[in-house]
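Q: here are the coordinates; sequence isn't available:
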């Protein structure tokens, strides 16, 4: 686990889970997205963590303090935006099991969301990191959905990733340089006519 | 000038504000988006309200209760998604001043965000409702930005809307049917080759 200097790490947690699990990947994707933004290469943001706000106090005129709120199950994925004129949409997950990725990590409505993004002409994928191997995979949503619909397992074995997915390269300024894969997989294949 | 009950708040609000002001437009847009989703016409969602979470309690094993959090200034717009293969991005505001829309209602970084969406090939706009007239305007972001960059006023007069924008129609199932305008303004003009 990384040390967060100001102790205020929860400010960007999406992984609702206790103890900040899953935050390292998120942090690295945020840095990468900021780099894409700075280079004006893409506009991709993480959506805020959805919370249901129950109580708000106004200790002073200008400051609203939320004193009771709850995490909500997200109805979509965590990240979306635009790249080379195309709509981009993805979910990111860390996996602590070394041998397989448990499918329960991705909610059914997130799968449905990714399906409809594909149907509407967007680029949909997942970024899945196997912590033990320090491998970060680019997982095209169509392949993942096909696996889910046909396999009878409740997890995706690690082998499937090596056969069907792309390892994402890490650079200093782009710790999770997933757009490099998007370029290769979606724009060089010539499967779409609308890449600029 | 209009009277602002708490001395601070301006004429518009998104969901964040006290007392639910500004939520009617948001509610109607959410209903409309749900209808678009149900008809599988578009996948457009409101982003969650961004909050900085400071303290979380775990009263029971499975339930996390946020006990201290603060509203954050949003760095992007409230809504985005995909329609006819195109990336869609917009901000929605209610305006309580009858004669003009105060520009401070839209943050500078939201304007920059809309600018970069246009630059990257997306469809960017604002939905602005004049409460007094019960008029809901579709405001193309390029026109709004041009006004902001050239005008020396701190608000946009109502007349400008009638000359430069499009009234959004209200139907029972689609209280704010903005995609009808998107069809006319972005797809029938023939200015893009990638409309399906």
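A: Structure's in. What do you need? None of these values were measured; they are calculated from a predicted model.

Q: just give the closest residue to residue A:58, not the sequence neighbours.
A: Distance criterion Cβ to Cβ, 6 or more residues apart in numbering or on different chains; nearest residue to residue A:58, sequence neighbours excluded, is residue A:64 at 5.8 Å. Every C-beta, even on glycine, is put in place using the N, C-alpha and C of the backbone.

Q: what packs against the strand or helix carrying that neighbour?
A: In the assignment (DSSP states H and E), residue A:64 maps to strand A:63-71. On a contact count with 3 or more Cβ pairs under 8 Å, 6 or more residues apart in numbering or on different chains; DSSP states H and E, strand A:63-71 meets strand A:51-60, strand B:63-71.

Q: on that earlier part again, does the residue nearest to residue A:58 touch residue B:49 like I think?
A: No: judged on Cβ atoms under 8 Å, residue A:64 makes no contact with residue B:49 at a distance of 11.2 Å.

Q: ok, the residue lying closest to residue A:154 once chain neighbours are set aside to residue A:136 distance?
A: Excluding its sequence neighbours, the residue lying closest to residue A:154 (Cβ to Cβ, 6+ apart) is residue A:103, at 5.4 Å. Distance, residue A:103 to residue A:136, using Cβ to Cβ, to the nearest Å: 19 Å.

Q: flag the shaky bits of chain A, pLDDT-wise.
A: Scanning chain A for pLDDT under 70 picks out the ranges A:1-22, A:189-196.

Q: okay, helices next: where are they in it?
A: For chain A, applying DSSP state H gives helices covering A:23-38, A:108-119, A:141-150, A:158-164, A:179-182.

Q: ok, which of these comes nearest residue B:42?
A: helix A:108-119 (9.5 Å; Cβ to Cβ).

Q: what residues does that closest one touch?
A: The contact list for helix A:108-119, computed with Cβ atoms under 8 Å, 6 or more residues apart in numbering or on different chains, reads A:73-77, A:87, A:89, A:91, A:123-124, A:126, A:141-142, A:144-145, A:148, B:37, B:40, B:43, B:82.

Q: kindly report the same for stretch A:90-101.
A: A:15, A:21-22, A:24-26, A:29, A:77-80, A:102, A:105-106, A:110, A:114, A:124-133, A:141, A:153, A:155-158, A:161, A:178.

Q: list the buried residues in it.
A: Within stretch A:90-101, the residues that count as buried by 16 or more other Cβ atoms under 10 Å in any protein chain shown are A:90-95, A:100-101.

Q: check the gap between residue A:173 and chain B for me.
A: Relative to chain B, residue A:173 is positioned 19 Å away (Cβ to the nearest Cβ, to the nearest Å).

Q: for that residue, give its distance to residue B:70.
A: Residue A:173 is 30 Å from residue B:70, by Cβ to Cβ.

Q: so those two - more neighbours on which side?
A: Neighbour count, other Cβ atoms under 10 Å in any protein chain shown: between residue A:173 and residue B:70, residue B:70 has more, with 15 against 12.

Q: tell me what that one is bridged to.
A: residue A:65, residue B:52 (DSSP bridges).

Q: for it, list the residues it contacts.
A: Per Cβ under 8 Å, 6+ apart, neighbours of residue B:70: A:63-66, B:51-52, B:54.

Q: check those against residue B:166 and report the nearest one.
A: Nearest member of those to residue B:166, counting by Cβ to Cβ, is residue B:51, at 33.5 Å.

Q: what's the local residue count around residue A:52?
A: Residue A:52 has 11 neighbours, counted by other Cβ under 10 Å.

Q: rewinding a little: narrow the contacts of stretch A:90-101 to just the buried residues.
A: Applying 16+ other Cβ under 10 Å to the contacts of stretch A:90-101 flags A:15, A:22, A:25-26, A:29, A:77-80, A:105-106, A:110, A:114, A:124-131, A:141, A:155-156, A:158, A:161, A:178 as buried.

Q: so of these, which ones are in strands?
A: A:79-80, A:124-130, A:155-156 (DSSP state E).

Q: could you list which of those also contact chain B?
A: Residues of those in contact with chain B (Cβ under 8 Å from any Cβ of the partner chain): residue A:80.

Q: closest to chain B among the ones in strands among the buried ones among the contacts of stretch A:90-101?
A: Of all those, chain B sits closest to residue A:80, with 6.4 Å by Cβ to the nearest Cβ.

Q: so what's that closest one up against?
A: A:44-45, A:47, A:87-90, B:80-81.

Q: hmm, try it at 6 Å
A: Listed by Cβ atoms under 6 Å, 6 or more residues apart in numbering or on different chains, the contact set of residue A:80 reads residue A:89.

Q: quick check: beta-bridge partners of it?
A: Residue A:80 has these beta-bridge partners by DSSP bridges: residue A:45, residue A:89.

Q: and the contacts of residue B:70, which are buried?
A: A:64, A:66, B:51.

Q: from residue B:95, how far off is the last one?
A: Distance of residue B:51 to residue B:95, given as Cβ to Cβ: 25 Å.

Q: would you mind listing what in chain A touches chain B?
A: Those residues of chain A that sit near chain B, judged by Cβ under 6 Å from any Cβ of the partner chain, are A:10-11, A:43, A:45, A:47-48, A:50, A:62, A:64, A:66, A:69, A:71, A:76, A:82, A:85, A:87, A:116, A:120-122, A:194.

Q: now stretch A:135-147: buried residues?
A: By neighbour count on 16+ other Cβ under 10 Å, the buried set for stretch A:135-147 is A:135-141, A:144-145, A:147.

Q: got it, and stretch A:172-184?
A: In stretch A:172-184, counting by 16+ other Cβ under 10 Å, buried: A:174-179, A:181-182.

Q: what's the farthest-apart pair in those?
A: By the measure Cβ to Cβ, A:175 and A:182 form the most distant pair in the buried residues of stretch A:172-184, at 16.1 Å.

Q: for the residue lying closest to residue A:175 once chain neighbours are set aside, the count of nearby residues, please.
A: Closest residue in space to residue A:175, ignoring its immediate chain neighbours: residue A:28 at 3.7 Å, by Cβ to Cβ, 6+ apart. Using other Cβ under 10 Å, residue A:28 has 19 other residues around it.
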